[in-house]
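Q: Here is a sequence together with a model predicted from it:
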Amino acid sequence: MTTTLTPVRAAISLYGVSRVFGRGPAAVRAVDDVTLEFPRGGWTAVMGPSGSGKSTLLHCAAGLEKVDNGRVLLGDTDLTAAGDAELTALRRTRIGFVFQSFNLIGALTAEQNIALPLRLAGQRPSRTAVRATLDAVGLADRARHRPRELSGGQQQRVAIARAMVTRPEVLFADEPTGALDSTAARTVLDLLRAMADAGQSIVMVTHDPGAAARADAVVFLRDGRVVDRIAGADAHRVADRLAAWER
Ligand SMILES: Nc1ncnc2c1ncn2[C@@H]1O[C@H](COP(=O)(O)OP(=O)(O)OP(=O)(O)O)[C@@H](O)[C@H]1O
């Protein structure tokens, strides 16, 4: 008999994941028994009414937040079984995270911001590698600029480059276009689309049906639970579906 190993299909798998804030009658089940796979090489958007648990789910999936119940797997690595040191190492090398507010370090140039995760992971960043990452987000000519000398859209692209410099298996983005005007948002979404087309796994929380429609699939949350999933939908269909769950 031959044994074949089944390749892990999902970039991130959640099994029965719950995250509860507070205790007793005041307890909030921000994520409530969620079982969900984010496919490898796919771009998934997470939508839902305000307070439905999107950010908490994203943080649990990225190992930024402990879960109260269930398991989170990155590929076949169990994040929920990892100790703090292992989790820190995983977050630095195998996971990238982009925030709505960019979170760049103001005193550092674009290329220094991008090199930071490599330094934190104990590597000596090569200037060529850092410049290549900056080039990939269309900002080769902004290497020496500090965040305040960049537009919001450029800052977010530096933040994406910083998240990507370690070649993470999954890029998580929490409202990456939430602070951008529509032109800058489109540039950032074009970049994410190109990355997904090149095989990058992306999980993105957004309120914007237009942004969600650029993803391959949209997962809808309500009261901490997954209530719906659609694929290949345009912005109108995403907006209609979101409105239905907001009622
Ligand atoms: N640290 C915390 N302590 C207590 N309650 C929290 C905490 N973080 C989130 N919550 C609660 O958990 C629920 C889900 O919050 P979460 O931020 O995940 O929702 P969201 O869908 O991302 O919301 P929004 O769209 O408004 O950003 C909310 O009821 C929120 O008040």
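A: Looks like it arrived, so ask away.

Q: Poorly predicted segments of this protein, please.
A: Along the chain, the parts satisfying pLDDT under 70 run over 1-8.

Q: Could I get the contacting residues of residue 75?
A: By C-beta atoms under 8 Å, 6 or more residues apart in numbering, residue 75 lies in contact with 8, 10, 11, 94, 169. For every residue, glycine as well, the C-beta is placed using N, CA and C.

Q: which pair in these spans the largest distance?
A: In these, the most distant members under the criterion C-beta to C-beta are 10 and 94, with 14.0 Å between them.

Q: in stretch 77-95, what's buried?
A: Of all the residues in stretch 77-95, those buried under the rule 16 or more other C-beta atoms under 10 Å are 79, 80, 82, 87, 90, 91, 92, 93, 94, 95.

Q: got a list of contacts for that stretch?
A: 62-64, 67, 70-75, 97, 117, 120-121, 166, 168-170, 172.

Q: give me the number of residues near residue 138?
A: Residue neighbour count, defined by other C-beta atoms under 10 Å, stands at 14 for residue 138.

Q: One more: residue 16?
A: The criterion is other C-beta under 10 Å. On that basis, residue 16 has 12 neighbouring residues.

Q: Doesn't it belong to a strand?
A: Yes: per DSSP: H, G, I helix; E, B strand; the rest coil, residue 16 lies within a strand segment.

Q: any idea how far residue 152 is from it?
A: Shown here: residue 16 relative to residue 152, a distance of 38 Å by C-beta to C-beta, to the nearest Å.

Q: Stretch 102-114: how far from the chain's middle?
A: In terms of C-alpha atoms, centre = their mean, to the nearest Å, the centre of stretch 102-114 is set 19 Å apart from its chain centre.

Q: What residues does this structure have near the ligand?
A: Contact residues (C-beta under 6 Å from any ligand atom) of the chain with the ligand: 21, 22, 28, 30, 48, 50, 51, 52, 53, 54, 55, 56.

Q: Nearest to residue 190, out of those: which one, please.
A: For those, the nearest to residue 190 is residue 54 (22.9 Å; C-beta to C-beta).

Q: ok, now which ones touch the closest residue to that closest one other than its chain neighbours?
A: Once its chain neighbours are removed from consideration, residue 54 has its nearest residue in residue 205; the separation is 4.4 Å (C-beta to C-beta, 6 or more residues apart in numbering). The neighbourhood of residue 205, defined by C-beta under 8 Å, 6+ apart, consists of 45, 46, 47, 54, 55, 57, 58, 173, 174, 175.

Q: Sounds good, over and out.
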